[in-house]
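1. Just to be clear, the model below is a prediction. Sequence and coordinates:
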Amino acid sequence: MELTILLFLFGGLFLGWSLGANDAANVFGTAVGTRMVNFRTAAIICSVFVILGAVISGSGTTETIGKLGAINALPGAFACCVAAGFAVYLMTKFGLPVSTTQAIVGAIIGWNLFTGSQTDTGTLITILATWIICPILAGVIAIGIFLVVKKIISKSRIHILRLDAYTRLALLLAGAFGAYSLGANNIANVMGVFVNVSPFTDINIANLFLFTSIQQLFLLGGIAIAVGVFTYSKKVMFTVGNDLLKLSPLSAFVIVLSHSIVLFLFASQGISNFLISLNLPALPLVPVSSSQAIVGGVIGIGLLKGGKEVKWSVAGKISIGWVVLPLLTMGIAMLILYILKYMFDLSVVF
Amino acid sequence: MVEIKANKMFNLKSSKLSLFGSTKNLEKDIDEFVNILSEVGLSFKSIVKRYLSHSTDDNFEAMLEKITEMESRADTITKQIEHALYEETLIPDARSDVLRLLEHLDELIGMYQGNCYHFSIQRPDFPEEFHSDLISLTETVVDCVESLCLTVRSFFRDVSSVRDNAHKVTYHEKESDIKFSSLARRVFSSNLELDQKMHLRYFVEKIDRISDQAEDIADELIIYSIKRSV
């Protein structure tokens, strides 16, 4: 592989690192923040399952990202990833739980505008709609699960210590599921723009196992996410959840599970095919924001408890971040593209 | 090797590869602690009756010895629970509440024991006319603590019934206050010497204080249960 290709891929790896530091923290943040699971355990499980999700089920949402803007030159993909990664880093610095999904969408639109390529409006509307549907759906699912769990607990008269042990196990399982869903749903953000320009070739092992170039790309992205989890997510994990609403370990489990279900719904080709086979409208396979799903879940639980405990000012600040981030990323992407094109004389589009 | 790694990963310190092994032991410890509190109360009731009928005979001393053993066992259990909760980072959201609760329950056991020792050392002279009132007060105080034991058990297993059980504690505490006032009045309106009146009042008050402490703990439990409610 050429050195320049590796250099450009670093853009994606940087974004992967941001995703690991920020979005992956959503998966285990509540569990680690409430001290039900230690950070090391969370980081190991999160990393393994993010990589599995990315490699096994990551292709569905990648197609949607590809439709939004078919970035066909490595420098262009590099600019988008660096812009998205940098914007996410900036917002994280300000303590706003943003998402790489919104960042990469902003960056791709920036590339489209800069290169004069057309933005697929239908795809853009679908993606924007999921940004509204995703937190609402997560909130509704969280309320449903919470009510069921509450009923089961009050009927079973379970000892506080045994409930603690069950909650711990449930948090680990929901976290593993959440990490898998995150990998499947969000790998498109990290590596989606490189799919058309993948420097890898398919590896066929004795005609038994085919490791495609895209899967290799996703494995690399998954590893970058894992590095982000280990190096920078600890601080974020301890702040996630506690800012918006003080969470009990059980609420934490409900929120992680609802978040994981939402991410899985928007990433699963199987569920999509199943709905189509029943002549039902399929959910679009779109990379949704894990932060939005978590915030939706937290607010759902908060509303169920009367809404008084939810810090609405924080919720408002987070929502503003969701609007600002794509625009900010778009601007940064266009600036980087300008620098690459006019200062380094690189082609950002073919 | 694999077992040790798995235990470390899942925050378990027990030698068995079981997520719930240490939890079950702790549950047993907590149940045993509450049983001790209840048994100490019943022994206290017998000890007061024994003292009033036979003063501090060998049987009385044997009963006192038994209460001391139970108090010591309760201390050991409290320490075991405390270590387990901290070392294995169990129930992080309710840990401090549970430890404070056990501490206060332990104080209650200590109050029973202290009362018995005071009977043994000071040997108050209760005239027969006050015996039935003192026994009645003691029984109410023990009933109050019995209701507290129920409240504690419900805090651990059925948080929704904490308030109902705590209400029973309050009821018995009020009863005990009434009985204390009545007995104290009778003591001070009797023909006894003032020093004896003061001495008897000290014992009556000390017994009544057990139910006050039980009510305070029940109030705490209501707050803990609100925090614990899902």
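-> That came through, no problem.
2. Near residue 91, how many other residues are there?
-> Since no chain was named, I'll use chain A. Residue crowding around A:Met91 was assessed by other C-beta atoms under 10 Å in any protein chain shown; the count is 25. Any C-beta I mention is one placed from the backbone N, CA and C, and that applies to glycine too.
3. look at chain B instead
-> Burial of B:Ile91, expressed as a neighbour count using other C-beta under 10 Å, amounts to 24.
4. Please tell me how far the closest residue to it other than its chain neighbours sits from A:Ala174.
-> For B:Ile91, ignoring the flanking residues on the chain, the nearest one in space by C-beta to C-beta, 6 or more residues apart in numbering or on different chains is A:Asp164 at 4.6 Å. Shown here: A:Asp164 relative to A:Ala174, a distance of 15 Å by C-beta to C-beta, to the nearest Å.
5. Number of residues surrounding the closest residue to B:Ser147 other than its chain neighbours?
-> For B:Ser147, ignoring the flanking residues on the chain, the nearest one in space by C-beta to C-beta, 6+ apart is B:Lys168 at 4.0 Å. B:Lys168 is flanked by 17 other residues according to other C-beta under 10 Å.
6. swap in the one 3 residues further on?
-> B:Tyr171: 15 surrounding residues under other C-beta under 10 Å.
7. That one - nearest residue in space that isn't next to it in sequence?
-> Of all residues not flanking B:Tyr171 in the chain, B:Ser147 sits nearest, at 7.8 Å (C-beta to C-beta, 6+ apart).
8. Then A:Ser59?
-> Taking C-beta to C-beta, 6+ apart as the measure, A:Ser59 lies nearest to A:Ile214, with 6.6 Å between them; neighbours along the chain are not counted.
9. just B:Lys49 next, same as before
-> Once flanking residues are discounted, B:Lys49 sits nearest to B:Ile135: 6.0 Å by C-beta to C-beta, 6+ apart.
10. How about the contacts made by that neighbour?
-> Taking C-beta atoms under 8 Å, 6 or more residues apart in numbering or on different chains as the contact definition, B:Ile135 lies against B:48-49, B:52.
11. between those, which is closest to A:Ala70?
-> Ranked by distance to A:Ala70 (C-beta to C-beta), the contacts of B:Ile135 are led by B:Val48 at 89.5 Å.
12. Can you give me the distance of that closest one to chain A?
-> When distance is defined by C-beta to the nearest C-beta, to the nearest Å, B:Val48 is 34 Å away from chain A.
13. can I assume that residue is in contact with B:Leu134?
-> Yes - between B:Val48 and B:Leu134 a contact is recorded at 6.8 Å, counting by C-beta atoms under 8 Å.
14. What helix or strand is whatever residue of the stretch 251-350 of chain A ends up closest to chain B located in?
-> Among the residues of the stretch 251-350 of chain A, A:Ser251 lies closest to chain B, at 7.9 Å counting by C-beta to the nearest C-beta. Of the helices and strands defined by DSSP states H and E, A:Ser251 is found in helix A:249-265.
15. Report pLDDT for residue 81.
-> I'll assume chain A. The per-residue pLDDT reported for A:Cys81 equals 89.
16. wait, I meant chain B there
-> You'll see B:Ile81 listed with a pLDDT of 93.
17. residues near it, how many?
-> For B:Ile81, the number of neighbouring residues by other C-beta under 10 Å comes to 21.
18. what's the closest non-adjacent residue to it?
-> If you skip the residues right next to it in sequence, B:Ile81 has B:Asp29 as its closest partner in space, 5.4 Å away by C-beta to C-beta, 6+ apart.
19. secondary structure class for the residue in the stretch 1-150 of chain A that chain B sits nearest to?
-> Per C-beta to the nearest C-beta, A:Arg35 is where the stretch 1-150 of chain A lies closest to chain B, at 4.2 Å. Applying DSSP: H, G, I helix; E, B strand; the rest coil to A:Arg35 yields a three-state assignment of coil.
20. who's in contact with it?
-> With contacts defined as C-beta under 8 Å, 6+ apart, A:Arg35 is in contact with B:89, B:92.
21. what comes up buried for the helix or strand bottoming out on mean pLDDT in chain A?
-> Within chain A, confidence by mean pLDDT, DSSP states H and E is lowest for helix A:59-68 among all helices and strands, at a mean of 74. Under the neighbour-count criterion of 16 or more other C-beta atoms under 10 Å in any protein chain shown, helix A:59-68 has A:59-62, A:64-66, A:68 buried.
22. could I get those residues as CSV with distance to B:Thr68?
-> As requested, the buried residues of helix A:59-68 are arranged in CSV below (distance: C-beta to C-beta, whole Å):
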residue, distance to B:Thr68
A:Ser59, 72
A:Gly60, 70
A:Thr61, 69
A:Thr62, 73
A:Thr64, 74
A:Ile65, 74
A:Gly66, 78
A:Leu68, 78
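23. just to revisit the earlier point, could you tell me the model confidence score at the residue nearest to A:Ser59?
-> Each residue has a pLDDT score; the one for A:Ile214 is 87.
24. Helices along chain B, start to end?
-> For chain B, the helices defined by DSSP state H cover B:2-9, B:21-54, B:58-87, B:95-122, B:131-157, B:162-188, B:194-228.
25. Please identify the deepest-packed of those helices.
-> Mean neighbour count (mean count of other C-beta atoms under 10 Å in any protein chain shown) peaks for helix B:131-157 among the helices of chain B, with a mean of 21.
26. which non-adjacent residue is nearest residue 160?
-> Looking at chain A here, since you left the chain open. Computed as C-beta to C-beta, 6+ apart, the closest residue to A:Ile160 that is not its neighbour in sequence is B:Phe156, at 5.0 Å.
27. oops, chain B please
-> Computed as C-beta to C-beta, 6+ apart, the closest residue to B:Ser160 that is not its neighbour in sequence is A:Ser154, at 6.0 Å.
28. sorry, back to before: which strands and helices lie in contact with the next helix-or-strand element following the helix holding A:Ser251?
-> Moving toward the C-terminus from helix A:249-265, the next helix or strand (DSSP H and E) is helix A:269-277. Other elements packing on helix A:269-277 under the criterion 3 or more C-beta pairs under 8 Å, 6 or more residues apart in numbering or on different chains; DSSP states H and E are helix A:59-68.
29. can I get the CA coordinates of the helix it packs on in PDB?
-> Listed in PDB are the C-alpha atoms of helix A:59-68, where the atom choice follows Å, rounded to 0.1, in the frame of the first residue of the first chain:
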ATOM      1  CA  SER A  59     -22.400  -2.700   5.000                       C
ATOM      2  CA  GLY A  60     -26.100  -1.700   5.100                       C
ATOM      3  CA  THR A  61     -25.700   1.800   6.300                       C
ATOM      4  CA  THR A  62     -22.600   2.400   4.200                       C
ATOM      5  CA  GLU A  63     -24.700   2.200   1.100                       C
ATOM      6  CA  THR A  64     -26.900   5.100   2.300                       C
ATOM      7  CA  ILE A  65     -23.800   7.200   3.100                       C
ATOM      8  CA  GLY A  66     -22.500   6.400  -0.400                       C
ATOM      9  CA  LYS A  67     -25.800   7.600  -2.000                       C
ATOM     10  CA  LEU A  68     -25.500  10.900  -0.200                       C
END
